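Student: I'd like to go over a predicted model; first the sequence, then the structure.
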Amino acid sequence: MLGYRHGGLAAVTAPVERAAPVDGGARDLVEVDDLKVHFPIFGSLGRRHGDVRAVDGVSLRIRRGETFGLVGESGSGKTTLGHAILRLVHSTAGQIRFDGQDVAAVGARELRRLRRRMQIILQDPYGSLDPYLRVEAIIGEALDIHGLDQGPDRKPRIAALLSLVGLDAQYANRFPHAFSGGQRQRIGIARALAVRPEFIVCDEPISALDVSIQAQILNLLLRLRSELGLTYLFIAHDLSVVRHISDRVGVMYLGTMVEVGPAVSIYARSGHPYTRALLSAIPVPNPGAERRRRRVILRGDIPSPASPPPGCRFHTRCWLYEGLGSPERCRTEPPIPRTIAPDHQVACHFADETLASEVGVVQSDAPVQVGPLPDVPMHGAPMPGAPMPGAPM
Ligand SMILES: Nc1ncnc2c1ncn2[C@@H]1O[C@H](COP(=O)(O)OP(=O)(O)O)[C@@H](O)[C@H]1O
Ligand code: SF4
Ligand SMILES: [Mg+2]
């Protein structure tokens, strides 16, 4: 799967410094410290009523060349965190450094340079492409903004980018409506790659796609990461997607990071009741293991980030809190992250009790992993279930 070489690659691989290995000891590419992003809430008379605390004190590191999977229910602040790193929204407090550079402090010219190094792939492949622009213009826009591959280089570059993401170069003249969801997402990926970025925020890039093509897009992203030396922040709302592709995983709840660790450690030995609940929701393709598994269903919706519960924000829905007889500490004292295994931190007062529990753990000698993902089709090949280009949608 990985290591697959593509004809168009040489034309798009950048002669810039590429990512060092994950454990190469180089400075982390992205460093976030105590980040807060609050959105003001205004009343009908224009008076400020409070704030939506979308991100409320998050710290994390993203290492060069790794895929950092970020999960959490809808509304937990994942997109806002990704946007803040790219400076698409302003931070209220805290620090973000990209390759050592303070993202909030850079001026317009430096920000443009930074933007070239950081890109985003959006969730909705239908809404994220301008329906009135041909594919060539969609991909070429980023090149024009940054003054890259202009003149005679432009057309072959766009063709090479299309080829790199598995699309036929002749599609450059078509409009987005001519493509299936998966093909549109490939165009979105080509657009992100056009400026030769080092870091890409992949914001739920497969959530809106048909299940039959999700694996193809995941595979494509994996291959591109490997071949182009990219670093990803990969956002998803459930753990089953990120387990296939992440080196490390962060779990967000209501604007805070409740657990961070190596993917294998999170899946095998999670120390947070919320992560355990998310793990419970992953289907296990082994009826025996599924029967033996202790599951918890999260009750109710995530509370409003405008008035998060005091103490541990998860206490209003926490199965362990209930099981322990509602300890006062959970209601009054915000838990501070502590290390429970190498490179693995958890923010729960009762992480030891979580670790001792079987909730969400798969009791089986059979792995949960569902085998290798099917390979990406060669460029230009129609994807299963996808309408042919030009066909009515
Ligand atoms: N521009 C905004 N103005 C006000 N509230 C916002 C804005 N963007 C996001 N939010 C709120 O912030 C919270 C986190 O949103 P988001 O970052 O999109 O979460 P996620 O990506 O995890 O679903 C949500 O309650 C959302 O409604
Ligand atoms: S601190 Fe208490 S409420 Fe919060 S996750 Fe841990 S046990 Fe649950
Ligand atoms: Mg989101």
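Tutor: Nice, I can see it. Numbering: from 1, shown residues only. Ligands and ions are numbered 1, 2, ... in the order given.

Student: Any buried residues in the lengthiest helix in the chain, and which?
Tutor: Longest helix in the chain, counting residues (DSSP state H): helix 211-228. Buried residues in helix 211-228, counted by 16 or more other C-beta atoms under 10 Å: 213-225, 227-228. In short, each C-beta sits where N, CA and C put it, glycine included.

Student: so which residue of the stretch 201-350 of the chain comes closest to ligand 1?
Tutor: residue 305 (4.7 Å; C-beta to the nearest ligand atom).

Student: Number of residues surrounding that residue?
Tutor: Residue 305 has 21 neighbouring residues, counting by other C-beta atoms under 10 Å.

Student: That one in helix, strand or coil?
Tutor: Following DSSP: H, G, I helix; E, B strand; the rest coil, we place residue 305 in the coil state.

Student: ok, it to ligand 2 distance?
Tutor: Using C-beta to the nearest ligand atom, to the nearest Å, we find residue 305 at a distance of 17 Å from ligand 2.

Student: wouldn't that residue be in contact with residue 50 here?
Tutor: No. Counting by C-beta atoms under 8 Å, residue 305 does not reach residue 50; the two are 10.3 Å apart.

Student: Check which helices and strands the longest helix of the chain sits against.
Tutor: Counting contacts by 3 or more C-beta pairs under 8 Å, 6 or more residues apart in numbering; DSSP states H and E, helix 211-228 is packed against helix 181-193, strand 231-236.

Student: Tell me which residue of the protein is furthest from the middle?
Tutor: Taking C-alpha atoms, centre = their mean, the residue of the chain most remote from its mean C-alpha position is residue 45, at 37.7 Å.

Student: State whether that residue is indeed within a strand.
Tutor: No. Counting by three-state DSSP, residue 45 is not found in a strand; it is coil.

Student: Let me see the residues that make contact with stretch 36-54.
Tutor: 55-57, 77, 80-81, 84, 89-94, 255, 304-308 (C-beta atoms under 8 Å, 6 or more residues apart in numbering).

Student: Restrict these to the buried ones and give me that as a ChimeraX selection.
Tutor: Only the buried members of the contacts of stretch 36-54 enter the following ChimeraX selection, criterion being 16+ other C-beta under 10 Å:
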select :55,56,77,80,81,84,89,91,92,94,255,305,308
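
Student: In helices only, show me the contacts of stretch 36-54.
Tutor: Going by DSSP H, the helices hold 80-81, 84 from the contacts of stretch 36-54.

Student: Now do residue 126 against ligand 1, distance only.
Tutor: With C-beta to the nearest ligand atom as the criterion, residue 126 and ligand 1 are 18 Å apart.

Student: How about the contacts made by that residue?
Tutor: 176, 181, 184, 208.

Student: since we're on residue 147, how many residues are nearby?
Tutor: 8.

Student: can you check the one 4 residues further on too?
Tutor: For residue 151, the tally of surrounding residues (other C-beta under 10 Å) stands at 6.

Student: so residue 165 makes contact with residue 189?
Tutor: Yes. Contact criterion C-beta under 8 Å: residue 165 and residue 189 qualify, at 5.0 Å.

Student: Where do the strands of the chain begin and end?
Tutor: Applying DSSP state E to the chain gives strands spanning 30-42, 48-62, 67-71, 93-98, 101-102, 118-121, 199-203, 231-236, 248-253, 256-262, 338-341, 344-346.

Student: could I get those strands as JSON lines with distance to residue 271 and mean pLDDT?
Tutor: Output for those, formatted as JSON lines (distance: least, C-beta to C-beta, whole Å; pLDDT from 0 to 100):
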{"stretch": "strand 30-42", "distance to residue 271": "21", "mean pLDDT": "97"}
{"stretch": "strand 48-62", "distance to residue 271": "17", "mean pLDDT": "95"}
{"stretch": "strand 67-71", "distance to residue 271": "15", "mean pLDDT": "97"}
{"stretch": "strand 93-98", "distance to residue 271": "25", "mean pLDDT": "98"}
{"stretch": "strand 101-102", "distance to residue 271": "32", "mean pLDDT": "96"}
{"stretch": "strand 118-121", "distance to residue 271": "31", "mean pLDDT": "96"}
{"stretch": "strand 199-203", "distance to residue 271": "26", "mean pLDDT": "97"}
{"stretch": "strand 231-236", "distance to residue 271": "20", "mean pLDDT": "97"}
{"stretch": "strand 248-253", "distance to residue 271": "11", "mean pLDDT": "98"}
{"stretch": "strand 256-262", "distance to residue 271": "7", "mean pLDDT": "98"}
{"stretch": "strand 338-341", "distance to residue 271": "5", "mean pLDDT": "97"}
{"stretch": "strand 344-346", "distance to residue 271": "4", "mean pLDDT": "98"}
